[in-house]
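Peer 1: Okay, sequence plus prediction incoming.
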Amino acid sequence: MACRMSELVLDCRDPEALARFWCEVLGYVVLGREGDGSVEIGPQEGFGGLQPTLVLSPSDEPKTGKLRLHIDVNATDRDQDAELQRLLAAGATTADVGQSGMESWHVLADSEGNEFCLLRTRLD
């Protein structure tokens, strides 16, 4: 028997703002809020489905350096260039983590500077 990833937890300064950003990026909805200020977002069907939820947990600690773990996303209904424009319009910024410029993916950052990659392959 194996484990399955059910949720990712990301420490952040402003869980509500980051929840809005990632809901826009992933097509997620807010699933719940905790008394400590945490916000859980995920697919419409909620926790336990095929896609993990994302818990945005408040933290006063600043982000330092490149994340050791990052999220990769793929477009589902458009090509990579069109999705890149959508993500930039949603508030993503381009990020330089030492890439050569020859990669097939784009390195971006969310509104708090957390890196993520937009991959080339379109998923159904």
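Peer 2: That came in fine, so what should we check first?
Peer 1: Going along the chain, name the helices of the chain.
Peer 2: 15-26, 80-89 (DSSP state H).
Peer 1: low-confidence ranges in the protein?
Peer 2: The chain contains residues with pLDDT under 70 at 1.
Peer 1: okay, now the domains of it?
Peer 2: Per automatic domain parsing, the structural domains of the chain span 1-62, 63-124.
Peer 1: Throw those into a markdown table and include mean neighbour count, thanks.
Peer 2: C-beta coordinates here come from the backbone N, C-alpha and C atoms, glycine included. Converted to a markdown table, the domains of the chain look like this (neighbours: other Cβ atoms under 10 Å):
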| stretch | mean neighbour count |
| --- | --- |
| domain 1-62 | 15 |
| domain 63-124 | 14 |
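Peer 1: could you redo the helices of the chain as JSON lines and give each row distance to residue 120?
Peer 2: Formatted as JSON lines, the helices of the chain follow (distance: least, Cβ to Cβ, whole Å):
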{"stretch": "helix 15-26", "distance to residue 120": "17"}
{"stretch": "helix 80-89", "distance to residue 120": "5"}
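Peer 1: So which of those helices is nearest residue 108?
Peer 2: helix 80-89 (6.1 Å; Cβ to Cβ).
Peer 1: helices or strands next to that closest one in the packing?
Peer 2: Other elements packing on helix 80-89 under the criterion 3 or more Cβ pairs under 8 Å, 6 or more residues apart in numbering; DSSP states H and E are strand 106-109, strand 115-118.
Peer 1: what does that helix rub up against?
Peer 2: Residues from elsewhere that reach helix 80-89 (Cβ atoms under 8 Å, 6 or more residues apart in numbering): 25, 75, 78, 94, 106, 108, 118, 119, 120, 122.
Peer 1: what does stretch 20-30 give?
Peer 2: 19, 39-44, 53-54, 56, 73, 87, 90-92, 110-111.
Peer 1: on that earlier part again, just put the helices and strands packed on helix 80-89 in CSV and tack on distance to residue 2.
Peer 2: Below are these laid out as CSV (distance: least, Cβ to Cβ, whole Å):
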stretch, distance to residue 2
strand 106-109, 30
strand 115-118, 25
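Peer 1: For residue 11, which of these is the nearest?
Peer 2: Here strand 115-118 is closest among the helices and strands packed on helix 80-89 (Cβ to Cβ), at 14.4 Å.
Peer 1: Alright, that wraps it up for me.
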